[in-house]
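A.B. asks: I would like to see how this sequence folds:
(2 chains)
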Amino acid sequence: MSEARKVDLTRIRPYGDILDDGAVQLSFTLPVPAGPEAQEAAKQLVRKMGLDEPVVSYMHDLGVGYTFFVVFGKCTHTVDFTTIEVPRAEVRVMSFEECNRTIREHIGRKITVVGAATGTDAHTVGLDAIMNMKGYNGAYGLERYPEIVAINMGSQVPNEKLVAKAIETNADAILVSQVVTQRNVHIPNLTQLVELVEAEGLRDRVVLICGGPRITHELAAELGYDAGFGPGTLPSEVASFIVQEMVRRGLK
Amino acid sequence: MRTGVLQVDEKKVARARVAARNITAEIQKFIDGHTTTTTERTVLRLFGIDGVNEDNAPLPNIVVDNIVAGGGLSRGAAYWLANAMLYHGLSAQEVAEAVARRSIDLCRVPRRDDGEVRSLIDRMAAEACHRITDNRVGRAERIARLGQGQHPWLYVIVASGNIYEDVIQAKAAVKAGADIIAVIRTTGQSLLDFVPYGVEEGFGGTPATQENFRIMRRALDEVSEEVGRYIRQVNYCSGLCMPEIAAMGALERLDMMLNDSMYGILFRDINPERTFIDQYFSRIINGYAGIIINTGEDNYMTTDDPIKAGHTVLASQFINEAFAFRSGLSEEQMGLGHVFQINPDYEDGFLYELAQAQLTREIFPNAPLKYMPPTKYMTGNIFKGHIYNGLHNLAGVLTGQSIILVGMLAEAVHTPYMHERYLSIENARYVLNNARHLADEIVFRPDGKIAKRANEILTAAHDMLLEVEKIGLFEAIARGMFAGVKRPRHGGKGREGVFAKAKDYYNPFIGLMLGGREGGDGE
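C.D. replies: Numbering: from 1, shown residues only, chains lettered A, B, ... in the order given. Modelled structure (predicted):
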């Protein structure tokens, strides 16, 4: 073979070191003690996952009748990459300067953004990364934007308080952060916020955004938000979205 | 423990300590003149009042609310309870149940002789103290018989939401090598102005209830016997019920408590006055119960930058230490917190981590320092995360930390799976064992980056404390000098639970547990 084979985008599968080898590594625990039977159970399970030629490279008894496995296998399934569509927030990421300039030129006043981690959520890491002066990974947070008034209400804020603050400050955008998603506790909380915003007649006037490690744009849109941002989002993406959405809707 | 490695300016260290003592003296004056609803509920719990009414409201809350409604809390709950016990000939629990049924209104019960009331209070308090002393002795006996892990102890968290699942996870962690098990609390429990009762389930953690404490204690005692070393249990003495959790922990023989003097103010927006009063009584109980407290300075580095604000951690440690002395805690009980949190892309970041960790070790030589793992820059790339945690472990063993909170490779993804805890403990054990005596072989260049950085941090912390000494701690917090978070003295949650003490206020435990050292700085 003189050259590498071409990728068939209608049938992609995992890659180890040869195209289409399907190589996958996985690790998991089974609630049985270690031994030949446990090893066989792990292999059978991995085959049921659609992985051929399972190899248990490591098995370790965790001491309470549970066993940890590292297993390699070859995936038999393929995916048609050409037909995939993922909804995402439509945003052209603008630089810090461009964002501020766009606000000055197209909105003509400072815009106000209110953010909080609502409900019982005590985590502010994501919210702080977007809003605080220092931002995240070298990208300035919204507080640093001269054309943005950023109000970070912190954690465990009831939805009612967040909405009241938005009304009080005449906010243009509301950011809500949800880190704890165990047992889907974030869904009713995010839904309630949308309902409150609508009940207060704010929905047309504000850009409503949620974010968090388990938040996708698709989920956010489904719940009635304008955008949802996942992990690794930079403040500039959020700022760009707010500004572009305001311009698009003609909010001044 | 190796100290003197960095050759820090001892005069600055001494002056910083004096500043912290002065700063806390000012706050202590305020504390001594006030009590809180949770402080009084704690007194009732120590007298044995427990349980809930048909609406699940805890009896300690019902009793204190009754005294507040009658306008009597400034005298302390102990007085009203004992008075009613004498008048009606009932036990403490029976009085509480009668109050819950509305058949006793405490402030309207005819008054008995003050001396008689006082002696009943003192008798009940002595009994409660006996129970706690028994636990302290019981712990010491178990440690003497079973032994314990060598430092640094490995501390892991379980957080399934269900205490029985937590028990399985905890036992597996101990088998893997953990020395300390923390049951993380349910998201939001810190803002409840009551302690839930019974076996409760939660999410994001497991509710701190006395029954859940008991279940985990039993499990850890069992597994201690199996592995032949004493396993410590931790919970969270923070939020709106700091002293109540301390009492529950003291009664159920917990060994460590998260118990910071300012955490609730900064990170839970709890009223500063409330927190200072609450932390005082909670720490008195922890001190008496032989519990190691953990402070939360690591949190500053999630909201602030470790390179720019590393000194705020040190300044806060001085303050936490000074408050702890005032509550009767010994240095050996002060698990001051700090963290490995510098951006991993930062050149020589590891050197700066060593500087802060070694500096902390040298300034607090007898404290069981608690070294927290990276969280802020954990990305979900579990493979890089595993190495990142390995460097945290290396810094920990190299600088003689006492307690290492073992970083989990899936940090930022979910609460740990059983095998993630095993892999992370294995990582820690490998590094700690492999580099056990590396520190003995190394000196830091006096003119090198590490020594220079350490002295910069010390100078900045010293200067900051002198500034706080001038303006006062309430004002410093209001200005956002800690964690970059601004908290005004009269803002935040729970201020309605603060009451000025009357002249005849009496809480027997403050005197009993401090052994006559109240009002002092403990040094």
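
A.B. asks: where along the stretch 1-150 of chain A do the helices fall?
C.D. replies: Counting by DSSP state H, counting those that start in this stretch, the stretch 1-150 of chain A has helices at residues A:36-48, A:96-102, A:125-131.

A.B. asks: and for the stretch 151-300 of chain B?
C.D. replies: B:163-176, B:210-227, B:242-251, B:263-268, B:272-288, B:300-303.

A.B. asks: what is the third one packed up against?
C.D. replies: Okay, so that is helix B:242-251. Packing partners of helix B:242-251 (3 or more CB pairs under 8 Å, 6 or more residues apart in numbering or on different chains; DSSP states H and E): helix B:37-46, helix B:114-146, helix B:210-227, strand B:232-236, strand B:256-258, helix B:272-288. Using the backbone N, CA and C atoms, a C-beta is placed for each residue, glycine as well.

A.B. asks: just say which of the helices of the stretch 1-150 of chain A is most tucked in.
C.D. replies: With neighbours defined as mean count of other CB atoms under 10 Å in any protein chain shown, these peak in mean count at helix A:125-131, which reaches a mean of 25.

A.B. asks: mean confidence (pLDDT) on that helix, please.
C.D. replies: Per-residue pLDDT values across helix A:125-131 average out to 84.

A.B. asks: contacting residues for residue A:140?
C.D. replies: A:96, A:133, A:134, A:235, A:236 (CB atoms under 8 Å, 6 or more residues apart in numbering or on different chains).

A.B. asks: in strands, which of those fall?
C.D. replies: Assigned to strands by DSSP state E, none of those qualify.

A.B. asks: can you redo these as a markdown table with distance to residue A:222?
C.D. replies: Shown next, in a markdown table, are those (distance: CB to CB, whole Å):
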| residue | distance to residue A:222 |
| --- | --- |
| A:96 | 31 |
| A:133 | 33 |
| A:134 | 33 |
| A:235 | 25 |
| A:236 | 25 |
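
A.B. asks: report all helices and strands that the helix or strand bottoming out on mean pLDDT in chain B contacts.
C.D. replies: Ranked by mean pLDDT, DSSP states H and E, the weakest helix or strand in chain B is helix B:300-303, scoring a mean of 85. Under the contact definition 3+ CB pairs under 8 Å, 6+ apart, helix B:300-303 sits against helix A:125-131, helix B:306-326.

A.B. asks: kindly recompute the last result at 7 Å.
C.D. replies: Contacts defined by 3 or more CB pairs under 7 Å, 6 or more residues apart in numbering or on different chains; DSSP states H and E place helix B:300-303 against helix B:306-326.

A.B. asks: got the angle between the host helix or strand of residue B:422 and helix B:163-176?
C.D. replies: Using DSSP states H and E, residue B:422 sits within helix B:418-434. Angle of helix B:418-434 versus helix B:163-176, following axes from the mean of the first three to the mean of the last three CA atoms, to 10 degrees, is 30 degrees.

A.B. asks: helix B:418-434 near chain A at all?
C.D. replies: Yes: for helix B:418-434, a contact with chain A is found by CB under 7 Å from any CB of the partner chain, at B:418, B:419, B:422.

A.B. asks: how about residue B:270, what does it touch?
C.D. replies: If you count contacts by CB atoms under 7 Å, 6 or more residues apart in numbering or on different chains, residue B:270 has them with B:239, B:240, B:264, B:492, B:493, B:494.

A.B. asks: make it 6 Å
C.D. replies: B:264, B:492, B:493, B:494 (CB atoms under 6 Å, 6 or more residues apart in numbering or on different chains).

A.B. asks: and the pLDDT at the residue lying closest to it once chain neighbours are set aside?
C.D. replies: Nearest residue to residue B:270, sequence neighbours excluded (CB to CB, 6 or more residues apart in numbering or on different chains): residue B:264, at 3.9 Å. pLDDT recorded at residue B:264 is 93.

A.B. asks: just give me the neighbour total for residue B:264.
C.D. replies: Counted by other CB atoms under 10 Å in any protein chain shown, the residues lying close to residue B:264 total 28.

A.B. asks: got it, and residue B:208?
C.D. replies: 29.

A.B. asks: next one: residue A:4
C.D. replies: 8.

A.B. asks: do the same with residue A:194
C.D. replies: Neighbours of residue A:194 under the rule other CB under 10 Å: 18.

A.B. asks: and residue B:103, how close does it get to chain A?
C.D. replies: From residue B:103 across to chain A, the span is 36 Å (CB to the nearest CB, to the nearest Å).

A.B. asks: neighbours around that residue, how many?
C.D. replies: Neighbours of residue B:103 (other CB under 10 Å): 9.

A.B. asks: ok, residue B:470 next?
C.D. replies: There are 12 residues near residue B:470, going by other CB under 10 Å.
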